[in-house]
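Engineer: I would like to see how this sequence folds:
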Amino acid sequence: MPIPRLSLFVPNIAFDQINKPNLRWLTDFAVRCENKGVGAIWVMDHIYWQTSTVEQIITIASIAAATSKINIGSMVLQLPLRHNSIIILAKQLSDIYDIAGERLTLGLGLGTVEGEYQIMGTDFTKRAKLFDSDLNLLAKIFDNGFHLNRSNNEIYFEEKQFSNIPLWLGNRGGDRALQRVVKYADGWMPLFIGLNELNFAKEKINFMINQDFSNRKPIKYGVTLLINNGDDFQISANAKRFSSLFGIPYEHFSKYVISGNLKQCANQIQTFIDSGLEHISTFWPTTDPIDDFLEIQSLLNFN
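Structural biologist: Just a heads-up that it's a prediction; the model follows:
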């Protein structure tokens, strides 16, 4: 199932201590999205946070079971946090695929919160190296399936057990990160990146493909955009929510935020659509952005 051009993040991480998400509410939210015509939703991944979180994989599984049409993805699943459980993750994804089928997309990334690595007993400074080895193993499983020999606990790659789940990477765009995109990914969807930076990174990816991977299938390009819409008071309040969520001052990333009333936000999003991106995910600092999302979607030209 082709992923639609515009999507919405599921608020499975609380922006404050008052409006705390739970699995039932998130599942109902996804059903409402589907019923109102939202084409795709993404779920964040945080094991540990300063406010309430609902675990990503169980959220995706619940949403997949409760819906039948909407695309569902992880953006991003922090793979190194599961370094010692990649086989379990593959089994989880296989079981979710049995329900969701081609509606499922797997987005992977490194994560930036050192405390999450500490609580999981993983060396934060080695996360890139762990990501490479874990991604390589997961890609082999996706391509070949696997069987675990009980006598010596070795993994043998055998007949494929489930179809290849589309793999997207959510890194921002360093050379090493872009090399991963070229080698493994079906799609690339960064956060905290401007249109000029994005286009420059696309050129680098295409250059790498032409050098070493000319026979690979085309990469889909997307971006995650933070949406801060409303009047001046709402925009100021939303800025504080975003700052709290990411743990950094708003001014450090405000240049990457789509800000203003709904029409102004739509005009800014349109510039990304016009650049030829296949997909744009929208991240809102609210527990119920569905109607505003649909209003912006109606203002966009996808031709």
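Engineer: Which parts of the protein are strands?
Structural biologist: 6-10, 40-43, 71-78, 104-109, 147-148, 155-156, 167-169, 187-188, 220-229, 257-260, 279-283 (DSSP state E).
Engineer: With mean neighbour count and mean pLDDT as extra columns, can I get these in a markdown table?
Structural biologist: Where you see a C-beta, it was placed from the backbone N, CA and C, and this is true even at glycine. As requested, the strands of the chain are exported to a markdown table (neighbours: other C-beta atoms under 10 Å; pLDDT from 0 to 100):
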| stretch | mean neighbour count | mean pLDDT |
| --- | --- | --- |
| strand 6-10 | 24 | 97 |
| strand 40-43 | 24 | 98 |
| strand 71-78 | 25 | 96 |
| strand 104-109 | 24 | 96 |
| strand 147-148 | 12 | 66 |
| strand 155-156 | 12 | 68 |
| strand 167-169 | 25 | 95 |
| strand 187-188 | 24 | 96 |
| strand 220-229 | 22 | 97 |
| strand 257-260 | 19 | 98 |
| strand 279-283 | 23 | 97 |
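Engineer: What separation do you get for the residue nearest to the spatial centre of the chain and T287?
Structural biologist: When the chain is reduced to its mean C-alpha position, the closest residue under C-alpha atoms, centre = their mean turns out to be M75, at 1.4 Å. Per C-beta to C-beta, to the nearest Å, M75 is found 18 Å from T287.
Engineer: What of Q211?
Structural biologist: Distance, Q211 to T287, by C-beta to C-beta: 46 Å.
Engineer: who has more neighbours, those two?
Structural biologist: Neighbours were counted for Q211 and for T287 using other C-beta atoms under 10 Å; T287 has more, 15 against 9.
Engineer: what residues are up against the more buried one?
Structural biologist: When contacts are counted by C-beta atoms under 8 Å, 6 or more residues apart in numbering, T287 touches P11, F15, N19, P21.
Engineer: With N22 as the reference, measure out to it.
Structural biologist: T287 sits 12 Å away from N22, going by C-beta to C-beta.
Engineer: go on, N301?
Structural biologist: In this structure, N301 lies at 38 Å from N22, with C-beta to C-beta as the measure.
Engineer: quick one: which of these two has more around it?
Structural biologist: Summary of the neighbour comparison: N301 and N22, criterion other C-beta under 10 Å, with N22 having more neighbours (11 against 8).
Engineer: Count residues in the vicinity of the closest residue to that one other than its chain neighbours, would you?
Structural biologist: In space, not counting the residues next to it along the chain, N22 is nearest to V54; the distance is 6.5 Å by C-beta to C-beta, 6 or more residues apart in numbering. Neighbour count of V54, defined by other C-beta under 10 Å: 23.
Engineer: could the strands of the chain go into a markdown table alongside distance to T27?
Structural biologist: Written out in a markdown table, the entries for these read as follows (distance: least, C-beta to C-beta, whole Å):
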| stretch | distance to T27 |
| --- | --- |
| strand 6-10 | 10 |
| strand 40-43 | 11 |
| strand 71-78 | 11 |
| strand 104-109 | 16 |
| strand 147-148 | 32 |
| strand 155-156 | 33 |
| strand 167-169 | 23 |
| strand 187-188 | 26 |
| strand 220-229 | 23 |
| strand 257-260 | 28 |
| strand 279-283 | 20 |
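Engineer: in stretch 195-207, what counts as buried?
Structural biologist: Along stretch 195-207, these residues count as buried under the neighbour rule (16 or more other C-beta atoms under 10 Å): L198, A201, K202, I205.
Engineer: Contacts only, for the nearest residue to the first one once chain neighbours are set aside.
Structural biologist: Pointing back at L198 there. Nearest non-adjacent residue to L198, counting by C-beta to C-beta, 6+ apart: V223, 6.0 Å away. Taking C-beta under 8 Å, 6+ apart as the criterion, V223 is in contact with M189, P190, L191, I193, L198, F272, L277, H279, I280, S281.
Engineer: before we move on, what about L226?
Structural biologist: For L226, the contact set (C-beta under 8 Å, 6+ apart) comprises L191, F242, F253, Y256, V257, I258, F283, P285.
Engineer: Looking at these, spot the one nearest I96.
Structural biologist: Nearest to I96 among the contacts of L226 is F283, at 22.4 Å by C-beta to C-beta.
Engineer: ok, what's across the strand from the closest residue to the closest one other than its chain neighbours?
Structural biologist: The spatial neighbour of F283 that comes closest, neighbours along the chain excluded (C-beta to C-beta, 6+ apart), is F9 at 4.6 Å. Listed beta-bridge partners, F9: W42 (assigned using DSSP bridges).
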